[in-house]
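Peer 1: coords please:
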Amino acid sequence: MTALNCAVRLEYNSFYIAGSRDVDLPTAFRGTCFATNASCINVGCRLWQEGEIEIVLGTTADPMPEGAPALDTSIRTPRNQVLLFDANHPELLRCPVENRRTRIRIWTNHPTEPDRVTLVIGG
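Peer 2: Prediction:
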């Protein structure tokens, strides 16, 4: 897969990574830009007034970012997809996956208010 990307202004300063839109959204960030549960990752970003957020979504077949990821976890993907969305955008990016549980690794350019977020799914 060739990495997918988008640039978006997020009115509510976060976006979600899940297997579907029908999930409970986690809200406890605990000093990082991530709130997680078994079905969803909430990624906090910089304020929308400060510009767009660049999101890159790739797989292990794509070049990996350097360094350790800021988050390495897995989520349920019962519909064999990873979907990125927010309160105003029903779909930012979507990628099919083979399993019903999928590993997600995330790199950011800032620990609490990133404007570039890179995700690698699988592996």
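Peer 1: Secondary structure of Q49: a strand, I assume?
Peer 2: No. Counting by DSSP: H, G, I helix; E, B strand; the rest coil, Q49 is located in no strand; its state is helix.
Peer 1: List the neighbouring strands of the helix or strand in which W107 is found plus their orientation.
Peer 2: W107 is part of strand 101-108, with elements assigned from DSSP states H and E. Sheet pairing of strand 101-108 (DSSP bridges) gives strand 71-76 (antiparallel), strand 116-121 (antiparallel).
Peer 1: got any ranges where this protein has weak pLDDT?
Peer 2: 1 (pLDDT under 70).
Peer 1: Tell me the bridge partners for the closest residue to N5 other than its chain neighbours.
Peer 2: Distances taken as C-beta to C-beta, 6 or more residues apart in numbering place V56 nearest to N5, at 4.5 Å, with adjacent residues excluded. All C-beta atoms are positioned from the backbone trio N, CA, C, and that covers glycine. Beta-bridge pairing for V56 (DSSP bridges): N5, T118.
Peer 1: now do G44
Peer 2: According to DSSP bridges, the partner residues bridging G44 are S14.
Peer 1: Tell me who's in contact with it.
Peer 2: 13-14, 29, 33-35, 112-113 (C-beta atoms under 8 Å, 6 or more residues apart in numbering).
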